[in-house]
Structure formats: C-alpha cells, structure tokens
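Asker: predicted model and sequence below, questions to follow.
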Amino acid sequence: METKSRIASASLLVIAAVSCSSPATVGKEGEDLPDASGGASGSSDAGGKAGTGGGAGWDGGLFGDGKATECTEHEPCDGGVCVGGACCAIAQACGEACCKVDETCFANACVVPGKICHAAADCDPGQYCELGLGTQPGPGDGGSSDATVESGSGPDAAGDGGGPVCLEPVPAPGRCLTLPPECPSNTPDAGPPDCLLPCEYHPPSGKLDAVVKWSWGPTATQFPNHTDVWSTPTVGRLYDTNCDGKVDELDPPNVVFVSGDTKQLNCGNANGDPDSCRTGVLRVLDGRSGHEIWSLRKASASSVGFMGLSLAIGDLDTAKPGMEIAAITGEGYLVIIDGTGKVLRTSDKVVPGSDAANFGWGGGLAIGDMNGDGAPEISYGATVYTTANGKLTQVFHGTLGKGGESVVYAMSALADIDGDGDMELVAGTTAYDYEGKTVWNRADLADGFPAIADLDGDTKPEVILVSKAKMYILNGATGATRLGPFDIPGVLDPVKGAHGGPPTVADFDGDGKREIGVAVQTFYSVLKPDFVGKKIDVLWKMESHDLSSSQTGSTVFDFEGDGKAEVIYADECFLWVFDGANKGQVKFVASHSSFTADEASLVADVDGDGHAEMIMVSNSASPLSWKCIDAQNVPTKVNGVTWEPGPTSNKGYRGLKVFADKANSWVGTRALWNQHTYHVNNICDDRDSACKAPNVYGSIPKEETENWNTTWLNNYRQNVQDKGLFNAPDATVLLEVQCVTPVVLDALVRNLGSAILPAGVQVDFYHRQGNKDTLLGSAATVSALFPGQVGKVTWKAKPGDAVQSGDLFFARVDPKKNPTFHECREGNNESAPSSANCVVPK
C-alpha cells in the first residue's frame, strides 16, 4: 500500500524507538557529548535536534564494526564502552546497541538517515521526514537544504507587487526515515518496533465544546473599515507562509474572502456610489492565526474594488503549481489572482447582468473542467468562462435559467448529469452543455438554487431545486419532476411569500439515505424524500431568524464521525449547529449579526492541524433593523437562546470567527473548501481518493468523479474525508541523562500516532529516590510534531540542586496537564527510569 505524504492519512505511521529497560547516555564524566551534528548537545532548545550522544559524523575509531573483544557490560574498554558484550566507540553507543559507521543514534535506536527533506512529500513512499536528523550525513544529498525564495508580489492598491510575508520560520531540513508497516489486525502481540498500531480517538457525542481559536475584525490592519463579510469564504493553501519557496503541507491553509463596509446596512442600501456590494477588499488570512497575509483593494488602478459575492479557488493556471483565486471586479470583469495577490488574467467580457443594482449582494462562482481539456472553466450563474490558452475567455451566456431568482444572487452547479462524459452547467431551471446548448429547461418553474445528489439509490443523479420557498426534485438527465412541489416550512406570510436558501445534502439521521437541509425565514428544515410514497417529508425543523432575505446558505459536517451529519447555519442573529439525528437539537450556538444574503458558515481544517474548525462570517447590519434587538434594546430569543450584543457601535458583529473543539477532538477533514457549491470531488486533495490520478492538492480534475456514486460521498456542501477521520496523536517520551554537572535531562517527545501532535506538549521531569518521586520541573515542546517526528525538551539543574547524573530520573506527559489534544493511548506517556552511564577517565 502506498503511503501518502499528508499528515492525516491513516497509513502515515512511524518508526518506533527501540527502548531499553535502562536507557543510558555514554560519555566521559563532566564532558559535553557531541550531538548528532558534531556540536554540543547541552542546548536547552526545545524541539531542536534530537541527538543521543553521537552519530555517523564521528570517526568511529577502533570499534566501527561493533565486533571488538568481549567485555563487561557498561564498563570502559580502551576508550570505548561495553555494549552488548562488545567494546563500542563512545560515539556509536546507542542504548543497548552499537551503531554501525553508516548509522546514527536517534531516539535510542540506530538508523540510517536518508535524503534531505522538509516534509513527508519530499521522501519516498514508505518514509517520513524526521527533522531531528536534519544535519546528519546520509547517502545522497537528495536536494539542497537551502531554499530559494522568489521576491513576493503582494499587492499594493492596484495589485502590482510587494514583498513576502513570512509568518512561519523557514522549515529546518530533516532526513527521510523508513516507516514500519501497520500491525496486522489478527496478531494481538504485534507492536513496535516491528510495526505500528492503529491510533484513533473517537469523540463523544453531545454538545460541542467549541471555543474561539482566532477572530478577525471588527477592524482590520489594512483598509480597517472594510470588515463586513456577506459571502461564503474559501479555504486552501495558497501562500508560502514559511517563505521556503513553495506552498505545501508545512504552510497552513488560508482563508480567502471579500469584505466591505456596509455602513451598518445591507451592501445595496449603503450610502455611496457605487454601492458597497461592488467596492469590497479581497483578503487572504493565515488559517493558523488569522493574521492578514495581504489585502487587495482593487485589481487595476481604475477599478472600484471587488464584488462581495462568494469566490472560488483552485489551480486555474496549470502552467505553474498552486491555486489561484477567481473573483469579479466592481466593474463586472472576472479576474484570476495568484496566492501573492498578483492579478494574472482579466476576462475579455464582463459578466452579463453585473451592471444590475446591488450586484455583489449574493451569488457565487464555481469551477469545473466542463470539456476535460485540462483548462478549467469558471461559471457565475448561466455564464461560463474558460482558462484555455492562457486567457480568460467567455464561452457562453445562457439566456434561460440562471441559478437564482435574480442575477444578483445566482449560483450554478457543474456535473455530468446525463452520463455523456462531459460536465453540464445546472443553472436553476436549465441545464446547459459546454457550448451553451440547452440540455433541458423547465420554463414552467421559477428559477432557484440547485444541488445534485442520488436521492433514490439508482446510481443516477437528481437535481434539487429550491425556489420561492418550494422544493422540486428533478431527474438529472431530463429535468422531469420526480418529487414536488413541496412547500418548505417557515414562510412567515404566504401572501408575500419567501425564497429559500441553497440546499445541502447529507445523511442526517444515519440511516444510509440522503436528506436535504434548507432554510426559509423562520425555520431550518431537514427534508426526507420518499420516492415510494411520492412525497417529501419533514424529518425535523428548528426555529431560526431570517426575516429579511430568507435565502441564507448552510453547510453540513459530521463533527463526531458517527455517520449522522450536523447542520451549520447562520441566520440574522445566531450561528447554529443543529443535530441532524436528534430532531435538530441545538449542539452549539453563538450570537452574530448579518443582513443575510446567501452566505454560509462552514467547516474545514482551517489551520492544517488535522482536525476540523468552523468559520462564522458576520456583518454589521443593524441589530435593531434586523430585529436581533427591539426598540427597547431587549434582545430577541430563539430556541430558548438570548442574543448577545456585539462589539460594534450598533451592537453588531463584523468579520470572521474560527471555532475549534476545546480539546481539538473534532474529527479530521479536508484543508479545503473552494466554492459555495463545494462537493468534495470538485477539487483534489492528495490525502483522499476523491480524484483520479494525478490527484494533486488544489487541482481541478479533468474528469470529475461522480459524487453521487462515490461510496463515502453522495453529498452536497458537506466537508468530509474518506479515511483517517479519527486519526489521533500518540505522545511517547524517552529520557536521556547527560554526563555533565549540573545535571541536564533531555526528554525526546515522539509522536507515534497518525495525526499531528500540537505544539506546547508539557513534559514533567522527576527524580526517583526509593519509593519517592519528586517533580523537578517542566518544559514544553515548541513545534507541532507530524507523525513519527521527535521534539526535544530539556531540564537543567541549578548549582546546589541535590541531584547527580547517576541518580534515577524519568519523564512523563500527563494527559491532565495537556488539555489541548486527545491521544489514542495514554499508557505509554512515561519514560523508563534512566541515569547517566558515564565513563570515568583513567
């Protein structure tokens, strides 16, 4: 089985340390031992090199073959030490082993360092990148450890250039090491070092214990007043955050969106000409911290800004690696912008209808390779552009269905709905082929928002259409009505009517069948198609607060991985997480404010730590006008929850908040969400099987696999990965006692799990005297550890401390003192008691 390079893969297992009952550091008493690079190992830097008293950088002397005369264990012999009954050079002694000349001692085991690496992707299949061996010599250079960083092209007012923003240090080089296989499931006694055990943590069901991981707003560093967000953000790795010259798994994902200044109204009613729907700022934030990477005010010197609609990201310039951003300027031109803020292409024609009043209020872009030529197309509503030939050319503009009741909030879906091998554009009531010809058209229905899934289990897709608070389920190939019309609950005034938001599709109740989630004014509903009874039933509905547009978007995620999806939905006053299986029970709620266009909050691996986070978007629409508070400043109450006023002058909210589980226990998911009509296999991630080869992260597939026929999918607007949902870290610790005075203790923290071990792992150092254990002190790791990697933390005694290197010491990672992660095993968190085995000079 080929081992993937991404950190959340269940197959990314690690080499185990060869432990001994009494691990020993061997050296001359009072002398600093060389570390793995030949320098001193007495450094107190946590997370640095993890040398254990020498390595292949040493000459090796008389005992390079480890076959010297017999001797007494751990006694000096001709300048070396007795290990395993034979004399061994001090530089090659490694616990109970004597390393060969081409090996180095690492984590108490003799290993052969491979080629230079910075990430697992740099290594061969079946290997991982060990940063603790970064300076070790090894066979072949495998490249250079020196990264070349091109000058950045971050934006100024017109997007013409600037310098790079380095939020992370340039990654230290490591060496590739071989991974052992997974332990066979039918061999109960199997385990390290021969193989690695599975490592999973299953979070409990119930209320979500969510905390704010970071927030952005209500003011910004650049263009501080433009912090209102009314569109669905996108998530993906676009920027070289550590400035090593490439974008890879060592760079955290970015959050990309347009923000504006609505002046506490909705963007179409804001004062000014042009209105604030089309004068937004394009932003790229660091997903780990929320730091502003860059903010682009406009795409050209003559532009007024960007439309505030939902963007799309993906590899749109296939001549170079990485993803780009698709956006629409305030003048209506489609533009492609790279990860540094440089404008690469501008469309030959404006988007039809972009001159309409309030354009930029809603709607969204979508990406797909409609004709399979390797040059993706970009759609807005019924208009399609191609990226072929290094240009951005309008292919067609459909004049029938547009994917929304108005061009101002249009969005379309791309999929091969008729099985002819090419993608069609589903724009509400009409399906178009690549040439703009009509595949089918439902002129008898009002236009609306589409989604696509197999709802009856026949392996063929249906189109779900939401329009004027009614739902229709159509045959994907012909457009014929299968079910409906169905009146969606929540219409406040039947005479005035309502709209209804873009639908989601998932298995909400865990029965293996697909249901549909949708919002209308006063209720969020999950609806269950019944093709036998030829009807649509209400599985459950929960009260909500969307009294204005009544067409807000929503998304879906299974936080506990129990096969029962939850709803993420933000109305005018609250962000809700509804339990899909338990009648919509509220699992989490947070106050916010929005004039509610068709935006959606969502879930992705925002910071790249292998676990899900949730993004909430807000804008400062007047809480009084949108009835979050009344004229007497009394907050509204929905589902028994009272709205909490925000920090702005009108008591509203602006910007983004990213929520995470307090103990980082939400299941893993993709570090991607690239468009409003996201459905997983519309963009590739090399950690999963959603795309066919070559399956490069961020690429748009030439031939999109059928979501509805992918066993782990058949969903819409739900983020999920096909394996490794429950991957967890496993913190183990090995203690080394240096032959120095005062005493120095090095704890090597190793992640033997299958997910990232976060930075800040606290290690406690103990002194053992008889039956008494005394805590000496603590230290914490400074860097996150990918599966297999080792970080070193050090405790140093002070002069006068009543400890000697020959005493017994041990180290422990106490789960109660490390609440920021859940690991799969807690029984291996303590090192064996250790003492220094120092050679007394003759």
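Answerer: Looks like it arrived, so ask away. Residues are numbered from 1 along each chain as shown.
Asker: contact partners of the one helix or strand Thr555 maps to?
Answerer: According to DSSP states H and E, Thr555 maps onto strand 554-557. By CB atoms under 8 Å, 6 or more residues apart in numbering, the residues outside strand 554-557 that reach it are 501-502, 504-506, 508, 517-519, 524, 565-570, 580, 600-603, 612, 614, 669, 715, 717-720. (C-beta placed from N, C-alpha, C; glycine too.)
Asker: after that strand, next one along is what?
Answerer: That would be, after strand 554-557 and using DSSP H and E, strand 566-570.
Asker: how far does stretch 316-332 sit from its chain's centre?
Answerer: 21 Å (CA atoms, centre = their mean, to the nearest Å).
Asker: could you check the pLDDT of the nearest residue to Met411 once chain neighbours are set aside?
Answerer: Of all residues not flanking Met411 in the chain, Gly364 sits nearest, at 4.4 Å (CB to CB, 6 or more residues apart in numbering). On pLDDT, Gly364 comes in at 98.
Asker: wait, Gly364 touches Asn674, no?
Answerer: No. The criterion here is CB atoms under 8 Å, and Gly364 misses it with Asn674 at 10.9 Å.
Asker: and those two? Which one has more around it.
Answerer: The neighbour count for Gly364 versus Asn674, taken as other CB atoms under 10 Å, is higher for Gly364 (30 against 26).
Asker: hang on, the earlier thing: shared neighbours, Gly364 and Asn674?
Answerer: Common neighbours of Gly364 and Asn674 (CB under 8 Å, 6+ apart) are Ala312.
Asker: skipping adjacent residues, who's closest to Gly510 in space?
Answerer: Gly510 sits nearest to Lys564 (CB to CB, 6+ apart), 4.1 Å away.
Asker: that neighbour - how many residues pack around it?
Answerer: Around Lys564 there are 19 residues (other CB under 10 Å).
Asker: may I have the phi/psi pair for it?
Answerer: Reported as degrees, to the nearest 10, the phi and psi values for Lys564 are phi -130, psi 110.
Asker: how about it, what does it touch?
Answerer: Lys564 touches Asp507, Phe508, Asp509, Gly510, Asp558, Asp579, Gly580, Ala581, counting by CB under 8 Å, 6+ apart.
Asker: buried ones among these?
Answerer: Neighbour counting over those (16 or more other CB atoms under 10 Å) leaves Asp507, Phe508, Asp509, Asp558, Asp579, Gly580, Ala581 as the buried ones.
Asker: most widely separated two among the residues you listed?
Answerer: Asp507 and Asp579 (13.3 Å; CB to CB).
Asker: run through who's touching the host helix or strand of Val212.
Answerer: Element membership for Val212, per DSSP H and E: strand 210-216. Strand 210-216 is contacted by residues 227, 285, 289-290, 292, 588, 590, 606-607, 613-614, 655-662 when judged by CB under 8 Å, 6+ apart.
Asker: okay, Gly84: pLDDT?
Answerer: 77.
Asker: count of neighbours near it?
Answerer: Counted with other CB under 10 Å, Gly84 comes out at 14.
Asker: distance check, it against Ala93.
Answerer: Separation of Gly84 from Ala93 (CB to CB, to the nearest Å): 10 Å.
Asker: ditto for Gly245
Answerer: 39 Å.
Asker: Ser259 too?
Answerer: 60 Å.
Asker: and Leu177, by the same measure?
Answerer: 20 Å.
Asker: returning to that earlier point: Gly245 and Ala93 - which one has more neighbours?
Answerer: Ala93 (30 against 12).
Asker: pretty sure that one sits against Cys82.
Answerer: No. Counting by CB under 8 Å, Cys82 is not a contact partner of Ala93; they are 9.2 Å apart.
Asker: tell me the centre residue of this structure?
Answerer: The centre of the chain sits closest to Asp605, judged by CA atoms, centre = their mean, with a distance of 2.2 Å.
Asker: list the residues that contact that one.
Answerer: For Asp605, the contact set (CB under 8 Å, 6+ apart) comprises Ala8, Val235, Pro253, His611, Ala612, Glu613, Gly668, Thr669, Arg670, Ala671.
Asker: show me which of these is closest to Ser406.
Answerer: Nearest member of those to Ser406, counting by CB to CB, is Val235, at 27.5 Å.
Asker: would you say that closest one is within a strand?
Answerer: Yes. Counting by DSSP: H, G, I helix; E, B strand; the rest coil, Val235 is located in a strand.
Asker: re earlier: for Lys100, state which of the buried ones among the contacts of Lys564 is nearest.
Answerer: For the buried ones among the contacts of Lys564, the nearest to Lys100 is Asp558 (49.2 Å; CB to CB).
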